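Peer 1: attaching a predicted model along with its sequence, questions to come.
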Amino acid sequence: MKKKNKHIGSSIDDLMKEEGWYEEAEEQAIKEVIAWQLSQAMEKKHISRSTMATRLKTSRTQVNRILNAKSDVTLSSLQRAAALVGRRLKIELV
């Protein structure tokens with residue numbers, strides 16, 4: 001008798017949770033979406049990274065960190081950046 005694959009019929013989320021990757025992947029996905037949305041809003045409003053840095057009273061390096069999904073950025077920095085492009089950062093517990 002053939003051994004059944006225990007993952008047949010399960011979702012990728014189930015596999016990731018079982019392997020312990022889910023939370024890390026979800027966190028990375030959220031960071032990527034926020035960074036992308038900020039970049040898009042900056043582009044729409046014709047705001048360069050240098051201009052953003054000046055308006056945030058910070059360096060262009062810090063703006064690069066905000067727009068880099070792989071870096072750790074404070075919520076305060078994200079909120080300030082969002083406000084400068086006319087957006088609001090919304091975080092909720094579900």
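Peer 2: Sure thing, it's come through. Remember, it's a predicted structure, so these values are computed and weren't measured experimentally.
Peer 1: just the helices from the protein, written as ranges.
Peer 2: 12-19, 22-44, 49-56, 60-66, 75-84 (DSSP state H).
Peer 1: including mean pLDDT, mean neighbour count and distance to Glu92, could those helices go into TSV?
Peer 2: In this view, the C-beta of every residue, glycine as well, is placed from N, C-alpha and C. Output for the helices of the chain, formatted as TSV (pLDDT from 0 to 100; neighbours: other Cβ atoms under 10 Å; distance: least, Cβ to Cβ, whole Å):
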stretch	mean pLDDT	mean neighbour count	distance to Glu92
helix 12-19	80	12	20
helix 22-44	92	14	12
helix 49-56	97	16	25
helix 60-66	95	17	21
helix 75-84	94	16	13
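Peer 1: CSV for these, including distance to Leu93?
Peer 2: Shown next, in CSV, are the helices of the chain (distance: least, Cβ to Cβ, whole Å):
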stretch, distance to Leu93
helix 12-19, 19
helix 22-44, 14
helix 49-56, 27
helix 60-66, 23
helix 75-84, 14
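Peer 1: out of these, which is closest to Val94?
Peer 2: Closest approach to Val94 among the helices of the chain is made by helix 22-44 (12.0 Å; Cβ to Cβ).
Peer 1: and that closest one, what does it pack against?
Peer 2: helix 12-19, helix 75-84 (3 or more Cβ pairs under 8 Å, 6 or more residues apart in numbering; DSSP states H and E).
Peer 1: quick one: which of the helices of the chain is nearest Ile91?
Peer 2: helix 75-84 (7.1 Å).
Peer 1: compute the inter-axis angle for that closest one and helix 22-44.
Peer 2: 30 degrees (axes from the mean of the first three to the mean of the last three Cα atoms, to 10 degrees).
Peer 1: quick check, distance from helix 75-84 to the centre of its chain.
Peer 2: Per Cα atoms, centre = their mean, to the nearest Å, the displacement of helix 75-84 from the mean C-alpha position of its chain is 13 Å.
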